[in-house]
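>>> With the input below, show me the fold.
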Amino acid sequence: MQRKRCIYVSLLFLSGAQFSPSDVQLKLSQKSVPNRAKGYQNITSILSSLLNNNVDTPSVNIRRNTFLDSQEKNDIDYVYGINSVCSVLLKNERIIDSAIINRNIKMNKKNRKESYKYIFDRLKERNIPINSRSKKEMDQLIGGFPHNDIILKTHYRTMKKCKDFIKDHMVKTKQNNIYVCLHDIDTPILHSSVGSSEFLEFFHVNNMLNFMDNMKNCGFQIFSTCCRRNESTMKKPLEELKNVKIKSNDKVLVILGNESKGLSDEIINKSDVCIYINGKSNEESYADGSKQNSNFSLDSLNVNNACAVILYHLTLHLR
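A predicted model of the protein is given here:
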């Protein structure tokens, strides 16, 4: 008989520098659908833009960063994109000041017709003011991000403190046993998640190391993640993901770091074990000491992909 696996995974989004960030914990429900938290989008490299005319130009990315930076300074959050807008309206948690639509919007587009109907029905039900603008004005308003002809002017969601999560962890872990901690990751969440993060519960954490201590006191095992490295320099055990297995009643916190900087030594040393995802090329390189293609090294996955691989493995190998 197949064992029932965890219904949800909870996320801990940690933004800030090193081990004392402005931290956020997120809880992902079973019914999750399409939010975006504050953050900065890395500028696409100029070289990539020059090599590929389809890639956004640096000037567009600069406008996007300027837009995101300006949002940090006030409580206004512009939500854009069909799925993100639908999710905000479905969750019905935020204060919505107004909706902005393209004055030349095509309501009968086959792939958007139902979504548009849902959006405008909800706007009418809640008496939300609707303002029309040109596509160019809408592009400028949100820094050039794709908006699908609809933008909501809303306010950011309220975050709870991590002590609220710690206090209720016994109740939460009856439904969840795997938690993910995202440290120092600063991508716009709502747009990147196509709205699904609107259905996450946020918790704010002031000090990462203290939070890790509290999680250990609550019975959690803490798995930090890193690229494969020389184990002689590690103070904590280094374990390849394929060898990691957890029990169905274990409580696990997996910490994922920034794609360029990774996790700080303080976080890794406070973890119970450090796990890594090994690739074939890496494995061959370590096995035979070959220096072939030494100028090309792929030792880190996109954080989304790494998270997906880790969660799939852990849930698949629950004992």
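>>> Where does Ile166 fall, secondary structure wise?
Using DSSP states H and E, Ile166 maps to helix 162-167.
>>> name the helices or strands packed onto that helix?
With contacts defined as 3 or more CB pairs under 8 Å, 6 or more residues apart in numbering; DSSP states H and E, helix 162-167 has these neighbours: strand 22-28, strand 200-205, helix 208-217. For the C-beta atoms, the positions are set from N, CA and C on the backbone; glycine is no exception.
>>> buried stuff in the helix or strand encompassing Ala308?
Per DSSP H and E: Ala308 is located in helix 303-316. For helix 303-316, burial by neighbour count (16 or more other CB atoms under 10 Å) applies to Val303, Ala306, Cys307, Ile310, His313, Leu314.
>>> List the neighbours of that helix that are in contact with it.
With contact meaning CB atoms under 8 Å, 6 or more residues apart in numbering, helix 303-316 is reached by 5-6, 9, 178, 180, 182, 185, 225, 241-242, 244, 246, 252, 254, 256-259, 275, 277, 300-301.
>>> Narrow those residues to just the buried residues.
The buried subset of the contacts of helix 303-316 - by 16+ other CB under 10 Å - is 6, 9, 178, 180, 182, 185, 225, 241, 244, 246, 252, 254, 256-259, 275, 277, 300-301.
>>> Which ones among the residues you listed lie within strands?
Members of those lying in strands (criterion: DSSP state E): Ile178, Val180, Leu182, Thr225, Val252, Val254, Leu256, Ile275.
>>> what's the closest of those residues to Ala99?
For these, the minimum distance to Ala99 (CB to CB) is 30.4 Å, reached by Leu182.
>>> Correct me if wrong: that closest one contacts Glu259.
No. Between Leu182 and Glu259 there is no contact, the gap being 11.0 Å when judged by CB atoms under 8 Å.
>>> Asp168 and Val180, how far apart?
According to CB to CB, to the nearest Å, Asp168 stands 18 Å off from Val180.
>>> again with Thr158
Distance from Thr158 to Val180, by CB to CB: 22 Å.
>>> before we move on, what about Ser260?
Distance, Ser260 to Val180, using CB to CB: 19 Å.
>>> How about Asn127?
In terms of CB to CB, Asn127 sits 38 Å off from Val180.
>>> Kindly report the same for Pro146.
27 Å.
>>> ok, now how distant is Phe199 from Ser84?
As judged by CB to CB, Phe199 and Ser84 stand 12 Å apart.
>>> Tell me which of these two has more neighbours.
Between Phe199 and Ser84, counting by other CB atoms under 10 Å, Ser84 is the more crowded of the two (27 against 21).
>>> Helix or strand: which one has the more buried one?
Using DSSP H and E, Ser84 falls within helix 82-91.
>>> so what does that helix touch, helix or strand wise?
Under the contact criterion of 3+ CB pairs under 8 Å, 6+ apart, helix 82-91 touches helix 113-125, strand 150-155, helix 189-192.
>>> Nearest to Ser134 among these would be which one?
strand 150-155 (12.6 Å).
>>> residues contacting Ile96?
Val88, Arg126, Ile128, Leu152, Lys153, Thr154.
>>> I figured the fifth one hits Tyr80, correct?
No. Under the contact definition of CB under 8 Å, Lys153 does not touch Tyr80, with a separation of 10.2 Å.
>>> More neighbours: the two, which one.
With neighbours defined as other CB under 10 Å, Lys153 and Tyr80 compare such that Tyr80 has more, 22 against 18.
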